[in-house]
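> From the sequence below, what's the structure:
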Amino acid sequence: MSFNMVAACDRRDDIDGKVSEAFGPKPTTSKHASLVSVEGAIDDALQQRTKEINRFADRNGCYSTSAGSFKDKDTTNQQVVIATFHVGNVTHAQHNNLVCTLRSARLHHQKCRLVVLTDMQTDFTAITQEVGNVKVKRHAFKQTGKVWAMYNRVKAERLFLLEELRRRGSSHVVFVDSNDIVIAGDLTGAMFHEHAPGVAFTFRGRTGGSAAKSMPINLGVKAVHANALAEGALVYTKFLEIFRASLTNRTHSLFVTDQASVHAMISHSDNFRPSKFMRSRSFHYTLPIEYTRLGDMSGERRCVSVLLNMLSCRIFNAQPFDRKACRTSPLTKIYHLKGSLKSRMAEVCNTLVPDGASPLTTEL
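Modelled structure (predicted):
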C-alpha cells in the first residue's frame, strides 16, 4: 500500500486558515482530530524534516514491517537518554527497584544519561548517591495527587523532549516506568538503528493477554529517535490534549486513562486497522496530526504524518513469570515486572550481571 503524501494533504483555503501543502493526509474529522498548537521550535524542526518524512510514508504506505530504504543521518554513535518518572514518598521497596532499573540501564549503556523526572518535593538524594550521575529534573505541577500523576508524567516527558530539541540534543530518548523495569540488553540497535526515525510505542499483540484488543498499547516503555525529537514533541502534545479531556470528563478509569488516551489518538485516523496490532512482529504506522504554530496570528494549519514505530512487547516490554500477559522471548531487551512481580526485581536484575561483576542489588 502506497500513497502520495503531498497529494493526499488537503490544500484548500477555508475560513479557519490555510492548510499547508507540506505534509501528509489531513486527519479525519473526529472528536479527537482537533487542532493542537506547538512551540516554534517544534514547527521549525518539522518543516526541516518534511522531505524525509514524506519520502518514507510515500514509499512504505500507512503500514510497514521494515525500515525500508529510509535515508537519514547516521546515528550509529548517538547516545541514549533513559528517563523515568516518580513523584511522592520513595518507599524502601521502590528505592531498591528504582536502583535496579537505573543500574540495569547503565550496565548495557555505559555512556547513557540517566534522568529522573519528578515534582519539586520528592527526595532522590539516596538514589542519586547510590547509583551516581543521575540527573533529577523537577517540575512545579499545577495539578497534583493520584488522579493527575499519569498526566503529569506525560507532561514532564513532553517538556523533556522540547528541551532536548531546543538545545539541539543528539541522543535517543527512552522513557520507562520507575520501579518495575529491568533493561536486559543494548537498546540502540534493536530499538533505533533497525527502525526509521520516529516515535516508538510497544504493543501487546497476539500474546498480550485480555488487554491486547481493548488497549493494544502498553505505555511502560516509550522511545523517541534522536532525529525525530520534533515528531515526539508533537505526538506528546496531541496525547496530552486527549488525556486532559479524558481526565476532565472522567470517561475512563484511573488506571487505563493514559492507555485509553493514546489508543484514542492512534485510532482516530482512517489509517487505523485493529488487526495490524494483533500481529507479533514490530511494524511502522503513519499517524496524521494537524497543528498550528503558537503565536501565529494567520492560523495557518499544517498536517504532519508522523511515523510511529510499533515495537513488540515480547522484545521491549515483556512480563516474565506471567503467561497471561506479554510473554518473554530469547530476544527480550526490557522486562516489565508489574504488580506482585515487583518483588522479584532483584532476582531478575542479578541474573543479567556478567560473571564476576558486582550485583545490581543485594536486596534478595
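> CA only for contacts and neighbour counts going forward, please
OK.
> Just confirm residue 156 is within a strand.
No - looking at residue 156 with DSSP: H, G, I helix; E, B strand; the rest coil, it is helix, so not inside a strand.
> Run a quick neighbour tally on it.
When neighbours are defined as other Cα atoms under 10 Å, residue 156 has 22 of them.
> What separation do you get for it and residue 137?
Residue 156 is 9 Å from residue 137, where distance means Cα to Cα, to the nearest Å.
> what do these two both touch?
Any residue near both residue 156 and residue 137 by Cα atoms under 8 Å, 6 or more residues apart in numbering counts here, and that gives 117, 118.
> in terms of contact, does residue 317 touch residue 220 like I think?
Yes - Residue 317 is within contact range of residue 220, at 7.1 Å (criterion: Cα atoms under 8 Å).
> Count residues in the vicinity of residue 233, would you?
Residue 233, neighbours per other Cα under 10 Å, totals 27.
> brain fart, residue 130
11.
> switch to numbering from 856
Sure thing, new numbering starts at 856, so read that last one as residue 985.
> Kindly give the local confidence score, pLDDT, for it.
Predicted confidence (pLDDT) at residue 985: the value is 94.
> Compare neighbour counts for residue 1172 and residue 1075 and give me the winner.
A direct count of neighbours by other Cα under 10 Å for residue 1172 and residue 1075 places residue 1172 higher, at 31 against 22.
> Enumerate every residue touching that one.
Residue 1172 makes contact with 1057, 1073, 1075, 1076, 1181, 1187, 1188, 1189, 1190, 1191, according to Cα under 8 Å, 6+ apart.
> So the first one lies in a strand, does it not?
Yes - read with three-state DSSP, residue 1057 is one of the residues of a strand.
> Name the helix or strand for the residue nearest the centre of the chain, please.
Central residue of the chain (Cα atoms, centre = their mean): residue 1077, 2.7 Å from the mean position. Using DSSP states H and E, residue 1077 sits within strand 1072-1079.
> Give me the mean pLDDT for that strand.
Strand 1072-1079 comes out with an average pLDDT of 92.
> before we move on, what about stretch 1056-1067?
Taken as a whole, stretch 1056-1067 has a mean pLDDT of 71.
> which of the residues in stretch 1112-1125 are buried?
Using 16 or more other Cα atoms under 10 Å as the test for burial, stretch 1112-1125 gives 1112, 1113, 1114, 1115, 1116, 1117, 1118, 1119, 1120, 1121, 1123, 1124.
> Thanks again, I'm all set now.
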